[in-house]
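# Need coordinates for the below:
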Amino acid sequence: MGGWPAPYGIALAVDEFSALMLLVVTGAGAVALLAARPSIDQQIEPQRQPLFYSAWLLALAGLAGIVVSADAFNIFVFMEISSLASYVLIAGGPDRRALPGVFKYLIMGTIGATFYLIGVGLIYMMTGTLNLADMTVRLADVTALNPILVAAGFITIGLALKAAVFPLHVWLPNAYTQAPHLITVFLAACATKVSIYVLIRFDYMVFQGALAGHDAQFALLLPLAIIGILVASAVAMFEGHLKRLLASSSVAQIGYIILGASFVSESGLTAGVMHVFNHALAKGGLFLAVAGIAYHYRDLRLDQLAGAATQMPLTCAALVVCGFSLIGVPGTAGFISKWLLITAALETGPLGWLLVAVILVSSLMAVVYIWRIVESLYFKTPVNSDAAISEAPLQLLLITWLVALLNIGFGLFPTLPLNLANASAALLMRFAG
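From the prediction side, this is the model:
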């Protein structure tokens, strides 16, 4: 900004990877805000709504700022802006049970940000710059590897905490479950994805030139991704609360993204980056449908939602479409990224077949927990058949179906996100050598 050269100026930059993430962040923010009015009117007192929307815009600005920033410390500043606003948004609903969840989120988020800042401080000590491009060049000339390894460890663990990578995900289920419903839509679609974006950018573009042959972070992330996919999917299979079930599945879906990135290959990165986009579509649509259901069903336990499809057929149908995308049914966006991930896994050698088995088994587990939702909505006797329940408000219903149709549209015509994902992978692999 202002034409100052590195390392003095605070640089902003948008490349193919940033462009895809900006689509996710601004798209999720716009969709959630457009759909929010009926739900927010129901959950937030009128006198508090201006403050609530202000916090929402701060969170959106912070997440977008992280994506466009090309300065390591400025990323931290935007990270704190988005995090502090997110804590306010989660605690700002009518449910006081959100307070323990947001306190855990605050503690874990603060630890993650502190670890990231320690790592950035170590890099600054060695290079004298905070500009990411300048940092990459100067780190290649640093001869002492130990400080770089320590910095890489701090930054990787700190961002993994922020991204809810297994087993550092303990804050996520309560935060998503107790937040106002449209805040869950917004955060589930993009908040953890932005942390993954920073993690991938650092591990590939900053550290790879200096740590060639010392890919400890990738050796750590691969088994964590596999365990996270299987454990979180298993938890979702037995979860009885709709929002908590979908929150647990988010941990598994984050595992898919990390799995693709840990292959250190162009095809793996394409699959991981593509899944960032597709999971935002699927999970955003699912939580939009949940917000519509919650307009009439305050208790979101599966046994209390029995027969809801007979009273809210359009809302529940949209949920099923987005659920198919989450599973990876052909013809939906989720299928594209899972197919790419399987293809990338087969290129890794003998380990590839085990990875394919993990992906297929976890997809079958997704069938089980999505079917539990479908079974409750469609095939069980309504618990409140005498109550006069109609569809979700028209504004919310239209936005929900727009996202559901986008899951099909990008499944049939994935050119835009796929081209950006391919370009992002090629960009990152140039740094990985």
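
# In the stretch 301-433 of the chain, where is pLDDT below threshold?
Scanning the stretch 301-433 of the chain for pLDDT under 70 picks out the ranges 383-388, 431-433.

# in it, which spans are helices?
308-311, 313-327, 333-346, 351-379, 394-412, 415-432 (DSSP state H, counting those that start in this stretch).

# mind checking which of those helices is nearest Ala32?
helix 394-412 (8.5 Å; C-beta to C-beta). Where C-beta positions appear, they are placed from N, C-alpha and C, glycine not excepted.

# Mind listing what's buried along that closest one?
Using 16 or more other C-beta atoms under 10 Å as the burial criterion, the residues of helix 394-412 that qualify are 396-397, 399-404, 406-408, 410-411.

# quick revisit: now the helices of the stretch 301-433 of the chain in JSON lines, with distance to Phe287?
Conversion of the helices of the stretch 301-433 of the chain to JSON lines gives the following (distance: least, C-beta to C-beta, whole Å):
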{"stretch": "helix 308-311", "distance to Phe287": "16"}
{"stretch": "helix 313-327", "distance to Phe287": "9"}
{"stretch": "helix 333-346", "distance to Phe287": "15"}
{"stretch": "helix 351-379", "distance to Phe287": "13"}
{"stretch": "helix 394-412", "distance to Phe287": "10"}
{"stretch": "helix 415-432", "distance to Phe287": "20"}
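
# Gly119: which of the ones you listed is closest?
helix 415-432 (17.7 Å).

# Could you tell me the angle between that closest one and helix 394-412?
With axes from the mean of the first three to the mean of the last three C-alpha atoms, to 10 degrees applied, the angle from helix 415-432 to helix 394-412 works out at 60 degrees.

# Which strands or helices does helix 415-432 pack on?
If contacts are counted by 3 or more C-beta pairs under 8 Å, 6 or more residues apart in numbering; DSSP states H and E, helix 415-432 sits against helix 16-43, helix 266-294.

# need the least confident one among these, by mean pLDDT.
The weakest mean pLDDT among the helices and strands packed on helix 415-432 belongs to helix 16-43, with a mean of 85.

# That one to helix 415-432, inter-axis angle?
Using the same axes, to 10 degrees, helix 16-43 lies at 130 degrees relative to helix 415-432.

# Tell me how far helix 16-43 lies from the chain's centre.
The gap between where helix 16-43 is centred and where its chain is centred comes out at 13 Å by C-alpha atoms, centre = their mean, to the nearest Å.

# Just say which of the helices and strands packed on helix 415-432 is most tucked in.
helix 266-294 (a mean of 28; mean count of other C-beta atoms under 10 Å).
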